[in-house]
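Participant: no FASTA, just this:
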């Protein structure tokens, strides 16, 4: 009898353990793993990365020559800013031929070689999809402006002059901030939300959509691995162009919200998914400016809606000149709100810089010689440990900083130059404008990559298209390769830490010490593993109250390389700690 009881007891234990194993497997399998969730995306601005022929402009062969460097970073994919044929009014975001390469950058053969070189090294290629607008030198627009009954007329938005002045629309890059340009050839106005050389495509026209879908298939069939959709939140427009609400005129953020809520935006994305993306299930898609709130962002990336993969919202970078002015508590709230909305499904991008922003260390850290490296590492820690896909801009791995031009003649950017001219016409304060642009201009992040201490930082043997930051003699890749404690090698280390710890990718995010104005602290938890991240965003010692017993905590990363313990929950200036909690 005792033997039977023992056998029954053993049998029940076996059933219990089996159920535990099944439940654990189900828990693991409930994680919707995708390569693009786990990837670190390295953004390359081709014009400024590496010049191969001495004309002062970065090119595809230059990128090819640095593929081993890119591979050494540990990144998974490269996002290339536009390389298509373009007159370059807005640095390639004005496309004249979607199926060819800008001559400054090389040839299609060069691109094919680059793509093969990436894939041979296990690196995926993500390209910009710029289809809210084209160049005015695009064949479609050249035909469209010839006559009112031209086959391509309806590829763009035209307003006949006999109907009077069209209802006002804001333009970012127009000297007078007016998005309608009169064209005498057909006595009509055309719409351009950006430069006058960037007419907006008419997505209400199914022929336009078919052209674009065919073009997307062309590149995907070539073997690229996905698209980042530029300014697509503005693609859907009401062709009757009702009057703008008076209360938003002059408020660019409100105008962005208004433009971004077009009536058929999500219809177009779902159609794009049906016609193109569903046929390339491994392709990654990123929605720039995905909505103006967490709920709006979710619409782009809810898997059930069958639209896109990753939401790339701007709320976390639209904070003004510097995070210290905005306030860390409000900044923490942005990430926490988005994570709360998307924690069960959907996916975010995590980034602090791109080609339209100042340098990461200059906006969110401290680019003085004393703190540049420390704060750069702290910021790298942040983007590598938040829930979402990491997007990292080239040069930030070195802690490259703002160049801060003194003279308008140093600027190449159409946005800055036209804003300056518009202000000059109005008799505005040009000195104050230039002073503000030292911190906020897009040109700050577009200066050439700093490879070494030779002339022009090793970027080119010719005259660079944009001036090079003179700190290249101390801030450059060659010097940092030799320093095991450099921002470059810290970046590599954090990528490997992220790859080795799925908790930092898929784990639950919990904000700690919410009202702390100096420290961003949070945990990540997955399948019994818990990590604590603490980041001091200031140049002073800062206390943190996590409510976690640190006695048995293990430090697994610290940007102060000589630390082995935390001292009374006090973080040193710009300290970044990652701890494993038992």
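Facilitator: Noted; the coordinates are in hand. Since this is a predicted model, take the numbers as computed values, not measurements.

Participant: List the contacts of the closest residue to residue 400 other than its chain neighbours.
Facilitator: Nearest residue to residue 400, sequence neighbours excluded (C-beta to C-beta, 6 or more residues apart in numbering): residue 359, at 5.8 Å. For glycine as for every other residue, the C-beta is placed from the backbone atoms N, C-alpha and C. The contact partners of residue 359, taken as C-beta atoms under 8 Å, 6 or more residues apart in numbering, are 353, 367, 395, 396, 400, 401, 402, 444, 445.

Participant: Which one of the residues you listed sits in the busiest neighbourhood?
Facilitator: residue 400 (31 neighbours; other C-beta atoms under 10 Å).

Participant: doesn't residue 448 make contact with that one?
Facilitator: No: Residue 400 is beyond contact range of residue 448, at 9.8 Å (criterion: C-beta atoms under 8 Å).

Participant: Overlap in contacts, the two.
Facilitator: With C-beta under 8 Å, 6+ apart, residue 400 and residue 448 have no common neighbours.

Participant: What distance do you get for the residue nearest to residue 400 to residue 421?
Facilitator: 25 Å (C-beta to C-beta, to the nearest Å).

Participant: Switch the contacts of residue 359 over to JSON lines; also include pLDDT, secondary structure and distance to residue 76.
Facilitator: Compiled in JSON lines, the contacts of residue 359 are given as follows (pLDDT from 0 to 100; DSSP: H, G, I helix; E, B strand; the rest coil; distance: C-beta to C-beta, whole Å):
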{"residue": "353", "pLDDT": "97", "secondary structure": "coil", "distance to residue 76": "18"}
{"residue": "367", "pLDDT": "97", "secondary structure": "coil", "distance to residue 76": "28"}
{"residue": "395", "pLDDT": "98", "secondary structure": "coil", "distance to residue 76": "19"}
{"residue": "396", "pLDDT": "98", "secondary structure": "helix", "distance to residue 76": "17"}
{"residue": "400", "pLDDT": "98", "secondary structure": "coil", "distance to residue 76": "22"}
{"residue": "401", "pLDDT": "98", "secondary structure": "coil", "distance to residue 76": "26"}
{"residue": "402", "pLDDT": "97", "secondary structure": "coil", "distance to residue 76": "28"}
{"residue": "444", "pLDDT": "97", "secondary structure": "helix", "distance to residue 76": "27"}
{"residue": "445", "pLDDT": "97", "secondary structure": "helix", "distance to residue 76": "22"}
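
Participant: three-state assignment of residue 79?
Facilitator: Put simply, residue 79 is strand when judged by DSSP: H, G, I helix; E, B strand; the rest coil.

Participant: now it, which residues is it bridged with?
Facilitator: residue 43, residue 126 (DSSP bridges).

Participant: Identify the residues contacting it.
Facilitator: Per C-beta under 8 Å, 6+ apart, neighbours of residue 79: 41, 42, 43, 44, 126, 127, 128, 228, 286, 391.

Participant: helices or strands next to the helix or strand encompassing residue 504 in the packing?
Facilitator: Assigned by DSSP states H and E, residue 504 falls within helix 503-506. The contact analysis (3 or more C-beta pairs under 8 Å, 6 or more residues apart in numbering; DSSP states H and E) places helix 503-506 against helix 35-38, helix 487-500, strand 519-526, strand 529-536.

Participant: C-terminal to the last one, what's the next element?
Facilitator: Past strand 529-536, further along toward the C-terminus, the next helix or strand under DSSP H and E is strand 542-543.

Participant: Sheet-wise, list the partners of whatever helix or strand comes next after the helix holding residue 504 with their directions.
Facilitator: Using DSSP H and E, the helix or strand that follows helix 503-506 in sequence is strand 508-512. Sheet pairing for strand 508-512, assigned by DSSP bridges, gives strand 519-526 (antiparallel).

Participant: any idea how far the closest residue to residue 259 other than its chain neighbours lies from residue 418?
Facilitator: Leaving aside its chain neighbours, residue 259 sits nearest to residue 234 (4.7 Å; criterion: C-beta to C-beta, 6+ apart). Distance of residue 234 to residue 418, computed by C-beta to C-beta: 19 Å.

Participant: count of neighbours near residue 248?
Facilitator: Applying other C-beta under 10 Å, we find 15 residues neighbouring residue 248.

Participant: cool, and residue 60?
Facilitator: Other residues close to residue 60 by other C-beta under 10 Å number 28.
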